[in-house]
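In: Fold the following for me, if possible:
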Amino acid sequence: MTPRQFPGLDSLVSLLDEAVQHTTPQKLSHAVGGGLTRLINDRALKLPDELTQAIPGQYARRLLHRSERLNYTVIAMTWGPGQSTPIHDHYGLWCVEGVVQGTIEVVQFDLLEDTGARCRFREAGRIFAGVGSSGALIPPYEYHTIANASDKTKAVTIHVYADEMCKCCIYTPTADGWYLRERKLLRYSA
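Out: Numbering: from 1, shown residues only. All right, here's what the predicted structure looks like:
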């Protein structure tokens, strides 16, 4: 998939090219999150309609930028009313997420036990994030769900990943309180 140009992309790439060179994930996520928040709140990012269209039955993932030199990617995710993810990880990649439109609910989980195929989790926190909010996931604290908090309007988020996130693990609950781990390949939406 070829990234598309839009107003504010050059400012975003410039900011990220500098921010991802920080030496620790904590400093890097702080720099990326702060810059992303500024660009969103200043309305400097103007995503075209084709990058924010909801898809019935699933959230949409659209590539905005891939840096071959610095090995990071930026995607826009569009969440139709009530759309969400299951508990999932980021396959060991750090990520910074910013809300461009709407409100999302993020539920974080602590991994309690891992037998390989089965895991146990405990809810570790829940936040509702509105426009201009940003947050980070730094492994090993990467287990979470994301949901559009509205059942009437769409939400749009921007995600910056340490690399191209083309797979993750999703976790399906079982009747005994455990979750089954399943590897999932991720694709971009049209």
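
In: Pull the contacting residues for the residue most central in space within the chain.
Out: Centroid-nearest residue in the chain, with CA atoms, centre = their mean: His159, separated by 4.3 Å. Contacts for His159 (CB atoms under 8 Å, 6 or more residues apart in numbering) come out as Val74, Ile75, Ala76, Met77, Cys95, Val96, Glu97, Met165. Heads up, the C-betas are built off the backbone N, CA and C, glycines and all.

In: which one of the residues you listed sits closest to Lys27?
Out: Val96 (12.0 Å; CB to CB).

In: Kindly list the main-chain dihedrals of the closest one?
Out: With angles defined as degrees, to the nearest 10, Val96 sits at phi -120, psi 130.

In: how close does it sit to Leu137?
Out: As judged by CB to CB, to the nearest Å, Val96 and Leu137 stand 8 Å apart.

In: which of the two has more neighbours?
Out: Legend: neighbour count by other CB atoms under 10 Å for Val96 and Leu137, higher for Val96 (30 against 22).

In: Tell me who's in contact with the nearest residue to that one once chain neighbours are set aside.
Out: Distances taken as CB to CB, 6 or more residues apart in numbering put Val32 closest to Val96, at 4.3 Å, once the chain neighbours are dropped. Applying CB under 8 Å, 6+ apart, we find Val32 in contact with Leu15, Leu16, Ala19, Val20, Val96, Ser134, Ala136, Val160.

In: and the gap between the residue nearest to the centre of the chain and Asp151?
Out: Distance, His159 to Asp151, by CB to CB: 23 Å.

In: Most neighbours among the contacts of His159, which one?
Out: When neighbours are counted by other CB under 10 Å, Val96 leads the contacts of His159 with 30 neighbours.

In: beta partners of it?
Out: Each beta-bridge partner of Val96 is listed here: Ala136, Val160, as defined by DSSP bridges.

In: Can you tell me the SS state at the residue nearest to Val96?
Out: Here Val32 is recorded as helix under DSSP: H, G, I helix; E, B strand; the rest coil.

In: what's the closest non-adjacent residue to Thr174?
Out: Per CB to CB, 6+ apart, closest to Thr174 is Leu180, 6.1 Å.

In: ugh, wrong one, Gly102
Out: Nearest to Gly102 is Ala155, by CB to CB, 6+ apart, at 2.9 Å.
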